[in-house]
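model this:
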Amino acid sequence: MSNESSNAIKVIALSAASLALLSACGEPTATPMDDEYAGNSGESVQSQEENSKNSGSATDSGDSADSDVKNHADDPNGTTSDKQDTGNYADGTYSINGQYGPVGEDTIDVHVTVKDQTVTNVEVIGHPFTSISKKHQNAFAEAINGVVDGKPLKDLKVDKVAGASWTSEAFNKALDVARQEASIQ
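Predicted structure coming up:
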C-alpha cells in the first residue's frame, strides 16, 4: 500500500471516529431551577437569584414546599424532574434551564406561567455562547409568546420558531420538565 493510500485511510478512520464521538453530542437537556447554581449560565449567583425572585419561582394556590422551583443542574443525570406528568397542572410560574448545542455550550432559562391548565406567558432568557446563538435566542425569545400563549400546557410542543431549531428543541425539553413540575400529584 502506498503512503498516499495509507494517509487517506487514516483520514477516513479519524473522520469516522470523530463522527461517532460527536453523534451523541448536541442532544438538548432541561432541568428545573431552584438552587444557587440555577441556570449555570455564567451569570453571578446574585443576579440569578434576583432574576428568579423577579421572574417568579413556582407558585400555586397552596403553600406546600413543592411550590418551590427545582433544579438538578449539578446532577449530570438530572435532565428531568423527579415528578411525573399527570396531565393536571397547578397554576404558577415554573422556571427551567435548557441546555443545547454541539457540546451543550448554549443555555436558555425558560419561565412558563400556567393558569387554568393554559400557558399565559413565557419568558426566555438566553445565555448564548456565540453571536450566532445570541441572534437565534433573541429571535426565539421575541417570537415564542405569539406561538404558545393561550395554548394548553398538555402536549404543547413547538416546531422551529424564528429559525432557531436548537433553541426550539431545548424549549420543548423545558416544557416537558415544566409539565412534570406543574403536575398535581
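
so how many other residues sit close to Ile132?
10 (other C-beta atoms under 10 Å). Bear in mind the C-beta positions are built from the backbone N, C-alpha and C, glycine included.

And for Asn3?
Asn3 has 7 neighbours, counted by other C-beta under 10 Å.

Val122 pairs with what?
With DSSP bridges as the criterion, Val122 is bridged to Val112.

what pairs with the one helix or strand Thr93 maps to, and is each one parallel or antiparallel?
In the assignment (DSSP states H and E), Thr93 maps to strand 92-100. Its sheet considered, strand 92-100 pairs with strand 29-32 (antiparallel), strand 106-115 (antiparallel) by DSSP bridges.

pull the CA atoms of the first one into CSV?
Taking only C-alpha atoms (Å, rounded to 0.1, in the frame of the first residue of the first chain), the coordinates of strand 29-32 have been written out as CSV:
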residue,chain,number,x,y,z
THR,A,29,-31.5,18.8,28.1
ALA,A,30,-33.6,20.6,30.6
THR,A,31,-33.5,20.9,34.3
PRO,A,32,-35.8,22.7,36.8
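
Could you give the average pLDDT over that strand?
On average, the pLDDT along strand 29-32 is 82.

And it, what's buried?
Neighbour-count burial for strand 29-32 flags Thr29, Ala30, Thr31, Pro32 (criterion: 16 or more other C-beta atoms under 10 Å).

Let me know the closest of these to Val161.
Ala30 (15.9 Å; C-beta to C-beta).

Tell me how far the closest one lies from Val11.
37 Å (C-beta to C-beta, to the nearest Å).

now the protein, which segments are flagged as low pLDDT?
1, 13-26, 34-80 (pLDDT under 70).

and Trp166, how far is that from Val11?
From Trp166 to Val11 the distance is 29 Å (C-beta to C-beta).

do the same with Ser81
With C-beta to C-beta as the criterion, Ser81 and Val11 are 45 Å apart.

and the nearest residue to His136 once chain neighbours are set aside, what does it touch?
Closest residue to His136 apart from its sequence neighbours, by C-beta to C-beta, 6 or more residues apart in numbering: Ala164 at 3.9 Å. With contacts defined as C-beta atoms under 8 Å, 6 or more residues apart in numbering, Ala164 is in contact with His136, Gln137, Ala139, Phe140.

nearest to Ala178, of the residues you listed?
Among those, and counting by C-beta to C-beta, the member closest to Ala178 is Phe140, at 16.3 Å.

Just the buried residues of stretch 156-173, please?
Quick answer for stretch 156-173 (16+ other C-beta under 10 Å): 156, 158, 161-162, 164, 166-173.

before we move on, the earlier item: what about the residue nearest to His136, distance to Ile96?
17 Å.

can I assume Ile144 is in contact with Val158?
Yes - here Ile144 reaches Val158: they are 7.4 Å apart, a contact under C-beta atoms under 8 Å.

I am finished for the moment; much appreciated.
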